[in-house]
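[1] next comes the sequence, and after it the predicted model I'd like to discuss.
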Amino acid sequence: MAQKKEIQVVLLAGQSNMAGHGNYDTLDAETKQRIEKVAHRVWLSTSIKSTIAPKPLSFYVSTSQSEKYDFTKHFGPELLIGLTLAEAHPNEQFLLIKTAVGGTSLYGAWNPNWTQEKANIAERGAERKSLHLYRTHLIHFQKELNRLKSEGQPYKIIGMVWMQGESDTNKEITASNYQKNLENLITGYRKEVSLPNLPVVIGQVNPLPRKFKQGPGLVRKAMTNIADYDKNIVVVKTSTDPLWKDYPKHTDNLHYNTEGQKRLGIAFGKALIDLQN
């Protein structure tokens with residue numbers, strides 16, 4: 001009996017720009033065709049529920065954002081991450097496992113050392129204050145890995161992509177603790193998957209200064225500091241120029257638009273490939 005080929009697994013985590021608000025309907029036809037061509041070997045899991053299986057790479061439907069966006073077919077960086085990986089490795093299959101919730105903080109909901117006190121400080125609203133997203137993502141990807149094991153399907157975790165930090169720029173306590181918390185997060189994931197050198201790609205956030213003016217600079221620097229001393233961590237750097245020419249945004253100056261998400265996904269995919277070498 002022939003041995004099944006390894007499925008390449010990528011973990012995706014973060015807040016709203018990982019969830020993604022690109023408009024699939026405005027994505028160019030050529031890119032859509034390329035995605036459709038590889039979708040049968042790139043699977044995406046976005047739900048912790050055991051009854052919901054991974055689906056072929058595509059957009060997701062969201063009606064909850066109807067007041068903010070006039071479209072329902074959304075996509076995040078996973079779409080072009082999957083495409084970039086699949087085209088670079090035409091004989092491989094991929095599984096992307098994503099947990100992302102908008103407006104959540106690394107100090108609070110994503111903190112591996114979660115406490116209610118930290119959540120109360122960092123999160124807005126009762127629902128976010130009750131979220132344990134680090135734990136949720138661990139349960140999520142373990143569910144998928146256990147499913148693969150039960151099917152006799154070998155797999156290899158090839159990396160993680162982290163797109164989060166905008167929320168932590170808003171307060172001095174969350175921004176000044178971002179580097180320590182991100183180090184703890186990466187250490188936690190590496191321990192959970194028993195890969196001390198797990199490749200990690202970080203999307204550098206670039207919100208305009210809001211409640212705490214020094215916040216964006218502190219969080220951005222924390223990200224590059226971590227990558228400076230770990231060769232298995234790469235930061236996809238972004239501009240702070242509000243024209244957003246590198247990774248274009250919606251008019252809210254916060255969320256990446258269709259072109260922005262497309263470019264971001266390509267950059268993440270290429271970084272993951274480079275980290276395998």
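    Everything's here; your move.

[2] dump the residue contacts of the residue nearest to Gly76 when sequence neighbours are not counted.
    Take Gly76 and drop its neighbours on the chain: the residue closest to it by CB to CB, 6 or more residues apart in numbering is Gly20, 2.2 Å away. In short, each C-beta sits where N, CA and C put it, glycine included. Contacts for Gly20 were tallied using CB atoms under 8 Å, 6 or more residues apart in numbering; they are 60, 74-79, 100, 256, 261.

[3] same thing with Glu78?
    Applying CB under 8 Å, 6+ apart to Glu78 gives the contacts 12, 20, 44, 57, 96, 98, 265.

[4] tell me which of these is nearest to Trp162?
    Here the nearest of these to Trp162, counting by CB to CB, is Leu12; it sits at 8.3 Å.

[5] tell me what that closest one is bridged to.
    Here Leu12 shows beta-bridge partners Lys98, Val161, assigned using DSSP bridges.

[6] what's the burial count for it?
    Residues within reach of Leu12, counting by other CB atoms under 10 Å, total 28.

[7] my read: Arg210 touches Asn170, true?
    Yes: using CB atoms under 8 Å, Arg210 is in contact with Asn170, at 5.8 Å.

[8] with neighbour numbers in mind, choose between the two.
    Taking neighbours as other CB under 10 Å, Arg210 and Asn170 compare with Asn170 leading, 19 against 13.

[9] show the subsequent helix or strand relative to the helix or strand bottoming out on mean pLDDT in the chain.
    Lowest on mean pLDDT, DSSP states H and E among the helices and strands of the chain sits strand 60-61, with a mean of 90. Next along the chain after strand 60-61, taking DSSP states H and E as the criterion, comes strand 73-75.

[10] coming back round to it: quick one: which of the contacts of Glu78 sit in strands?
    Using DSSP state E, 12, 44, 96, 98 are the members of the contacts of Glu78 that sit in strands.

[11] among those, which pair sits farthest apart?
    Farthest pair in these (CB to CB) is Leu12 and Leu44. Separation: 8.9 Å.

[12] list the residues that contact both of these two?
    Contacts common to Leu12 and Leu44, judged by CB under 8 Å, 6+ apart, are 78, 96, 98.

[13] please name the nearest non-neighbouring residue to Trp162.
    Counting by CB to CB, 6+ apart, Trp162 lies nearest to Ile202, which is 5.0 Å off, once chain neighbours are set aside.

[14] packing partners for the helix or strand hosting that neighbour?
    Secondary structure assignment for Ile202, by DSSP H and E: strand 200-203. Packed against strand 200-203 by the contact rule (3 or more CB pairs under 8 Å, 6 or more residues apart in numbering; DSSP states H and E) you find strand 155-163, helix 178-192, helix 215-228, strand 233-236, helix 258-276.

[15] nearest to Gln142, out of those?
    Between Gln142 and the helices and strands packed on strand 200-203, the shortest gap by CB to CB is with helix 178-192, which sits at 8.0 Å.

[16] any idea of the mean pLDDT in the closest one?
    The pLDDT scores in helix 178-192 average 98.

[17] if we go by neighbour counts, what in it is buried?
    Neighbour-count burial for helix 178-192, counted by 16 or more other CB atoms under 10 Å, picks out 178-179, 181-186, 188-190, 192.

[18] export the strand or helix carrying Leu80 as CSV, just CAs?
    Assigning secondary structure by DSSP H and E places Leu80 in helix 78-88. Extracted in CSV, the C-alpha atoms of helix 78-88 (Å, rounded to 0.1, in the frame of the first residue of the first chain):
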residue,chain,number,x,y,z
GLU,A,78,-4.9,33.1,3.6
LEU,A,79,-6.2,33.3,0.1
LEU,A,80,-2.9,34.4,-1.5
ILE,A,81,-0.8,32.5,1.1
GLY,A,82,-2.4,29.3,-0.1
LEU,A,83,-2.0,30.3,-3.8
THR,A,84,1.6,31.3,-3.4
LEU,A,85,2.5,28.1,-1.6
ALA,A,86,0.6,25.8,-4.0
GLU,A,87,2.1,27.3,-7.1
ALA,A,88,5.6,27.1,-5.6
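
[19] beta partners for the nearest residue to Leu145 once chain neighbours are set aside?
    Spatial nearest neighbour of Leu145, excluding adjacent residues (CB to CB, 6+ apart): Tyr155 at 6.7 Å. Beta-bridge partners of Tyr155, counted by DSSP bridges, are Ile7.
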